[in-house]
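[1] Predicted structure and sequence below. I'll ask about it afterward.
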Protein chains: 2
Amino acid sequence: MTIATRKQREKEEMRSLILDAARKIFLEKGYHDTSMRNIAEEIQYSPGTIYLYFRDKDEIFHALHEEGFRRMLTKMQPLGHVSSPFERLKALGKVYLEFATENKDFYDLMFIMQAPIKHEADHEQWEMGHQTLDYLKQVLTECKKEGYFKGKNIEYLSFAVWSGVHGMAALYCRERCKAYHDIEPGELIEEGYKYLVNMLENL
Amino acid sequence: MTIATRKQREKEEMRSLILDAARKIFLEKGYHDTSMRNIAEEIQYSPGTIYLYFRDKDEIFHALHEEGFRRMLTKMQPLGHVSSPFERLKALGKVYLEFATENKDFYDLMFIMQAPIKHEADHEQWEMGHQTLDYLKQVLTECKKEGYFKGKNIEYLSFAVWSGVHGMAALYCRERCKAYHDIEPGELIEEGYKYLVNMLENL
DNA sequence: AAAAATAATGAACAGTGTTCAGTATTCAAA
DNA sequence: TTTGAATACTGAACACTGTTCATTATTTTT
């Protein structure tokens, strides 16, 4: 018994070791510029070893994908303490954009990168994503109860709101904010978000 | 003289030939799954030949990038005939989203893909991008003259508007609309855009 | 201590972008 | 029209990629 559990623990430790190295290099050089050999070298094992713990590069991608959502959800925990629904919505957007700018590469991984849909494990993988989206819908529903968004459909509305913040985050992550030569991306997002909130107030 | 110009014409024809093949395969299999050998095979030349007409894969990318903007700007031409500025703004967003959904891969190339910033030709490359953004700002300014967007900063506002439509387009291009299981992406974008327009009307 | 099970290796495969010595073709001058 | 220079093209080679798998090393069980 004790040895079987130790084995399992060792297996998990090895997965962590690989994941730590992968995260480090992924976030340093990006997904495509990180090779399995790079990761193997980082942990001082042969490339083949990684394949004893992960089916392929995509499975590593998905593991980090999930980690990103866990981090985001953690960052959203404090929102429960905001009593007013609309204030909570405002704070949610702020947290979302903060997460995106502070964890650029995680955000990219989660919402922009082409997620390879090889393994049908996708349903599982997006579990976390749905949790986040559901939370947005919930907050919007609560806002509605307070008189906001009269006659608006929650599904469409949530998509519009999500698109609003995702748009800014995506333009930021993929360096398209540079189109505004003499305005800092941070300022752009901050002021842009103010207008988005303004628009939602009057909808 | 005549032979020198013929040479140049042949050179341009060859570039077109390569570009046509590259576009075809890029849009079929995506940028990363298209190899220089694939393109060479398509035009029945050796891989090395391509490098006599394009510095590297990135230069081909940038050529198509530019083509995308030319296509988009063409699609925007008829907007000049819409007299009311706000109607023009609405139509602009519609055209933008139509372009994105109808030319998914071009849109991806233009606004989502990590544009490699190797060559300092970037200034040139984004010329077209700026033209598009400038047009949006112009329309917004005209709307302002008609009483819309009182006291709003055009730079920030344009960013918010661009983010709104880009967000939808980006979620669509990278398959994140699937988070809404039983709503078609097309419907999502159409209805989401209605809300965005609604919001802009009341801003 | 021997046998079985597990873990790790690293060479090999088929692919990638890119380079460049060598060959074929086209052109200009004699 | 023939010769020498310029141009165009080739395809093997380089250093890389993700992935597999026979072989070797280690650990566990008998």
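    Structure received.
[2] contacting residues around stretch A:131-139?
    Outside stretch A:131-139, the residues within contact range by CB atoms under 8 Å, 6 or more residues apart in numbering or on different chains are A:69, A:72-73, A:76, A:85, A:88-89, A:92, A:154-155, A:158, A:161-162, B:179. From N, CA and C alone the C-beta is placed, and that goes for glycine too.
[3] and those, which two are the farthest apart?
    Across those, no pair lies farther apart than A:Phe69 and A:Pro85, at 23.2 Å, counting by CB to CB.
[4] Tell me the helix or strand right after the helix-or-strand element of chain A with minimal mean pLDDT.
    Using mean pLDDT, DSSP states H and E, the weakest-scoring helix or strand in chain A turns out to be helix A:122-125, at a mean of 61. Where DSSP states H and E defines the elements, the next helix or strand beyond helix A:122-125 is helix A:127-145.
[5] What are the buried residues along that next one?
    For helix A:127-145, the buried set under the neighbour-count rule, 16 or more other CB atoms under 10 Å in any protein chain shown, comprises A:128-129, A:132-133, A:136-137, A:139-140, A:143-144.
[6] restrict those residues to contacts with DNA strand C.
    The residues of the buried residues of helix A:127-145 that also fall near DNA strand C, by CB under 7 Å from any atom of the strand, amount to none at all.
[7] Turn the residues you listed into CSV, including pLDDT.
    Formatted as CSV, the entries for these read as follows, by pLDDT from 0 to 100:
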residue, pLDDT
A:Met128, 83
A:Gly129, 85
A:Thr132, 93
A:Leu133, 95
A:Leu136, 98
A:Lys137, 98
A:Val139, 98
A:Leu140, 98
A:Cys143, 97
A:Lys144, 97
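[8] What's the separation between the residue of chain A found nearest DNA strand C and A:Ser35?
    Chain A approaches DNA strand C most closely through A:Gly48 (2.0 Å), counting by CB to the nearest atom of the strand. Taken as CB to CB, to the nearest Å, the spacing of A:Gly48 relative to A:Ser35 amounts to 14 Å.
[9] Give me the more crowded residue out of these two.
    Higher neighbour count among A:Gly48 and A:Ser35: A:Ser35, with 13 against 9, using other CB atoms under 10 Å in any protein chain shown.
[10] and which of the buried residues of helix A:127-145 is nearest to B:Tyr53?
    Nearest to B:Tyr53 among those, with distances taken as CB to CB, is A:Gly129, at 42.9 Å.
[11] Tell me how chain A divides into domains.
    Following automatic domain parsing, one finds the domains of chain A at A:1-54, A:65-201.
[12] Check which element follows the biggest helix by length in chain A along the chain.
    The helix that spans the most residues within chain A, counting by DSSP state H, is helix A:2-29. Moving toward the C-terminus from helix A:2-29, the first helix or strand encountered (DSSP H and E) is helix A:36-43.
[13] That following helix and DNA strand D, any residue contact?
    Yes: in this structure, helix A:36-43 sits against DNA strand D according to CB under 7 Å from any atom of the strand; the contacting residues are A:36-38.
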